[in-house]
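J.: Quick one: sequence plus predicted model below, questions after.
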Amino acid sequence: MLEKTVTLAVARLVADRLRAVGLEVRLTREGDETVPLRERTALANRLRADAFLSIHANASPARGARGAETYYMSADASDPQAAAAAERENAPADNGTLGLILWDLAHVANLNASAQLAREIQDRLNVVHGIANRGVKQAPFVVLTGATMPAALVEIGFLSHPEEGQLVSQPDTQARIADALAAAVVAFLRGASAASAGAQP
């Protein structure tokens, strides 16, 4: 099972669930096509999106590694594993893109909101996987660079794990993951909306 197949299936399910509650959703790809990492964020910026979610599936040389991981932007990785994850995901981008990370750090106002979005996602995916929390992490992901809205990258599970890899390829598990992601986005947007209303004079 290929990561691109799993993640597109999950993304479509998430979009369906969010549209069902009245939210406008745009996917960065609708089919088996390659969209450069910078273009994904640029699309979200052009649309003035309220949130940006990048969905991936993980892999590790450690065959026992399993569970979801959620990240938000930072120039410095929170741990060596987070740094390695960012390096893997950044590979398709040209090296010059990494220089834009410092530009992203100017958007400090989004860091706390991005952390909250990541926590909402991670908490719900822990329940889906039924395992101890792998934690919310920070790493310099190219796909999050330059986002002008709260943004998070989620690794929905490990394709390299013998059991979990099979599970995340199954429609019922993908549906549960999509339920969790959609619920997290809705909770985040409601919280952000309430906070914004509370800040009005």
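T.: Good, I have the coordinates. Predicted model only: the values in this text are computed from it and were never measured. Numbers count the residues shown, from 1 in each chain.
J.: Just list whatever residues bridge to the residue positioned nearest the centre of the chain.
T.: Centroid-nearest residue in the chain: L153, 2.4 Å away (criterion: CA atoms, centre = their mean). Here L153 sits in beta bridges with S54, Y71, going by DSSP bridges.
J.: The protein: helices as residue ranges?
T.: Residue ranges of the helices in the chain, as given by DSSP state H, are 3-20, 37-46, 80-90, 101-104, 109-129, 162-167, 171-199.
J.: among the ones you listed, which gets the worst mean confidence?
T.: Here the lowest mean pLDDT among those goes to helix 101-104, at a mean of 48.
J.: which residue packs closest to L43, ignoring adjacent ones?
T.: Excluding its sequence neighbours, the residue lying closest to L43 (CB to CB, 6 or more residues apart in numbering) is T28, at 5.8 Å. Using the backbone N, CA and C atoms, a C-beta is placed for each residue, glycine as well.
J.: Which among the helices of the chain is found nearest to A68?
T.: helix 109-129 (3.6 Å; CB to CB).
J.: buried set for the closest one?
T.: 110-111, 113-126, 128-129 (16 or more other CB atoms under 10 Å).
J.: Of the helices of the chain, flag the one that's most buried.
T.: For these, the stretch with the most neighbours on average is helix 109-129, a mean of 20; neighbours defined as mean count of other CB atoms under 10 Å.
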